[in-house]
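no sequence on this one, just coordinates:
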């Protein structure tokens, strides 16, 4: 069964320009603010208690499993929201999670991860894909392996876009195990920013706003490239190279 609805023929050059603009807008002033709020990634993670730092990867893996089932379950009951609604909801959740410091932030973590995954699936739907298709769900999890806002790593993001989707290789369990270490760095930065009660509410809300916006934009680029490859009958790897050229990579 086809997982994407093909519309009229796209202009590849115009579409690549659109995706390049989305890619650039994933960063911006919000990322600069988050860097100033929390300092470098290393100093943010160093602020977390040692047991939490050591258990962060396992906690992230568990949060991803919860997010996957929660996103699938809520999709049957709640329709996709506009991007600004997703961002507003996760911002409120981050602020609530930061009110009590690390303890409440840990409770909020799986819910925020689920909301981010729903936002990614919504971005896939806006690019014409069926979020309930197995390979689209698989790809949505992979979007979370893109470098987070605090990582100045455009090369890694563009490398992510070139990864080939396959359901005959790793199972979802192996995929989540592979994504968790990278996402744990992002979530560790968020937890550290929320570690101070009350002040953590501002930090948590700001971090969730930036992360949700970032992953929605990255998802639009990822699924936009997939759609263009199908629509224009151009090899996906070639499109990634052409996008990279527009980014000055």
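Thanks, I have it. What you are looking at is a predicted structure, and each value in this text was computed from that prediction instead of being measured. Numbers count the residues shown, from 1 in each chain.

Tell me which stretches of the chain form strands.
Using DSSP state E, the chain contains no strands.

burial of the nearest residue to residue 172 once chain neighbours are set aside, as a residue count?
Distances taken as CB to CB, 6 or more residues apart in numbering place residue 138 nearest to residue 172, at 6.7 Å, with adjacent residues excluded. No exception for glycine: its C-beta is placed from N, CA and C like everyone else's. Applying other CB atoms under 10 Å, we find 16 other residues in the vicinity of residue 138.

how close does the most centrally placed residue in the chain get to residue 87?
In the chain, the residue lying closest to the centroid (CA atoms, centre = their mean) is residue 215, at 3.2 Å. Distance, residue 215 to residue 87, using CB to CB, to the nearest Å: 10 Å.

again with residue 104
Counting by CB to CB, the gap from residue 104 to residue 87 is 21 Å.

likewise residue 195?
23 Å.

Was I right to think residue 87 contacts residue 216?
Yes - contact criterion CB atoms under 8 Å: residue 87 and residue 216 qualify, at 7.5 Å.

Need the residues touching each of those two.
Overlap of the contact sets of residue 87 and residue 216 (by CB atoms under 8 Å, 6 or more residues apart in numbering) consists of residue 119.

which secondary structure elements does the top helix by length along the chain contact?
Longest helix of the chain, by residue count under DSSP state H: helix 199-232. Helices and strands touching helix 199-232, by 3 or more CB pairs under 8 Å, 6 or more residues apart in numbering; DSSP states H and E, are helix 12-25, helix 29-38, helix 83-98, helix 102-126, helix 134-143, helix 154-161, helix 172-193, helix 236-246.

and the residue nearest to residue 172, how far is that from residue 183?
Residue 138 is 15 Å from residue 183, where distance means CB to CB.

got it, and residue 10?
Distance of residue 10 to residue 183, given as CB to CB: 31 Å.

and if you look at residue 199?
Between residue 199 and residue 183 the distance is 24 Å, computed by CB to CB.

Tell me which of those two has more neighbours.
Between residue 199 and residue 183, counting by other CB under 10 Å, residue 183 is the more crowded of the two (23 against 15).

show me the contacts for that one.
Residue 183 neighbours (CB under 8 Å, 6+ apart): 60, 64, 144-145, 148.
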